[in-house]
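Undergrad: coords please:
(one chain, ligands or ions: 1)
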Amino acid sequence: MQAQTFKVRVHALREEAHGVRSFSVSRLDGLPFDAYEPGAHIDVTSPSGITRQYSLCGDPACRDSHVFAVKKEEQSRGGSRSLHDEVGVGSELSIGAPRNLFRLEESASEHILIGAGIGITPLLSMAYRLVAIDASFTLHYFARSDTHAAFLPLLARAPFDRHVRLHFGVERDALANELDACLRDADRHAHVYTCGPAPFMDVVIDTARKRLPADAVHLERFKAEPQALTDSSLDSFDVQLASTGQTVRVDASTSIVDALASIGIEVDTSCGEGVCGTCMVDVVSGEPEHRDHCLSKAERASNSVICCCVSRSRSPVLVLDL
Ligand code: FES
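TA: Numbering: from 1, shown residues only. Prediction:
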């Protein structure tokens, strides 16, 4: 179950904002990339060997290159720091195929994109697509200041300029009002998409859900938030392989991924935190305890898939399509 990977070469680097650098990469074999959906992300393995997920932020119609942007995190364990410090034009990297958990609902009457900081990245690929299909949209971009806002020259020119609203230096206690103003005139069939720090997105979601149905509000998380176990979580349960009937015990200190690995079944993983969706497996029977941050509401309700890196079971046996 190894995910598809590509060897790529960096052919352009740009400083997009304070501590934010964009990387434009092309395949080493010279072939074009497959088309991808706006909002998609890729795994990028830095020279340190650490793999992280980054949203694609270029034009999804452009097959010659992929563009992603990386914020240098002060607390970086090697991923963003290595990409900033050890990668230059001509460097070779390994990347994964695009995966999308943050889809545009193209049939919506209006699209309201609300990003903060590095959260602009998936919204930018959506903006390219919305321009291409001549959709009605507004991109609200929140940042501490103009030096902290990425891609400003791009956003300030056609075709984006007439869709972009910049919000710099909004204080935390003024955020809800500012967001409410962004959404005040939204069409009742509009969809909202948000990406940024978790506390920012929480305010966007609260504000948007007062005006729009829950399924019209979409978000992309970069990091997992800690979650408490619910009363219905089981300390231990069995996972059964649908193909062979083989069963393995998953105890309180083991993930499903690790338990499966102990019997020689490798489930591909990337983030290990329930945000990227790499470890998704179909559920044949049983009731998952969803502890991820990437499945849609419908996927959770159907219990048809599970993210094996973090999720657990509410039923004594979970049968997976393996
Ligand atoms: S590995 Fe990323 S969601 Fe499980």
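
Undergrad: from here on, just use CA atoms for contacts and neighbour counts.
TA: OK.

Undergrad: can you pull the residues of the stretch 151-300 of the chain lying near the ligand?
TA: 269-279 (Cα under 6 Å from any ligand atom).

Undergrad: top of the residues you listed by neighbour count?
TA: Counting neighbours by other Cα atoms under 10 Å, C276 leads these with 30 neighbours.

Undergrad: my guess is it contacts S270, does it?
TA: Yes - if you go by Cα atoms under 8 Å, C276 and S270 touch, sitting 7.1 Å apart.

Undergrad: any common contacting residues for these two?
TA: Q53 (Cα atoms under 8 Å, 6 or more residues apart in numbering).

Undergrad: gap between the helix or strand of the chain with the lowest mean pLDDT and the chain center?
TA: Here the helix or strand of the chain ranked lowest by mean pLDDT, DSSP states H and E is helix 297-302, holding a mean of 83. The chain centre lies 18 Å from the centre of helix 297-302; the measure is Cα atoms, centre = their mean, to the nearest Å.

Undergrad: now stretch 163-170
TA: Centre to centre, stretch against its chain (Cα atoms, centre = their mean), the figure for stretch 163-170 is 22 Å.

Undergrad: what residues sit buried inside that stretch?
TA: Neighbour-count burial for stretch 163-170, counted by 16 or more other Cα atoms under 10 Å, picks out 163-165, 167-168.

Undergrad: tell me which helix or strand L123 sits in.
TA: helix 120-132 (DSSP states H and E).

Undergrad: same deal with F68?
TA: Going by DSSP H and E, F68 is in strand 66-71.

Undergrad: who does A69 form a beta bridge with?
TA: The partner list for A69 in beta bridges (DSSP bridges) reads S22.

Undergrad: tell me if I'm right that R129 and P38 touch.
TA: Yes - counting by Cα under 8 Å, R129 does reach P38; the two are 6.7 Å apart.

Undergrad: neighbour count: those two, which is higher?
TA: P38 (29 against 21).

Undergrad: in the lengthiest strand in the chain, what's buried?
TA: Counting residues, the longest strand in the chain under DSSP state E turns out to be strand 5-17. Across strand 5-17, burial judged by 16+ other Cα under 10 Å covers 6, 8-10, 13, 16-17.

Undergrad: any chance of those residues in JSON lines, plus pLDDT and distance to L152?
TA: What follows is the buried residues of strand 5-17, written out as JSON lines (pLDDT from 0 to 100; distance: Cα to Cα, whole Å):
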{"residue": "F6", "pLDDT": "93", "distance to L152": "30"}
{"residue": "V8", "pLDDT": "97", "distance to L152": "27"}
{"residue": "R9", "pLDDT": "97", "distance to L152": "25"}
{"residue": "V10", "pLDDT": "97", "distance to L152": "22"}
{"residue": "L13", "pLDDT": "97", "distance to L152": "16"}
{"residue": "E16", "pLDDT": "96", "distance to L152": "8"}
{"residue": "A17", "pLDDT": "95", "distance to L152": "8"}
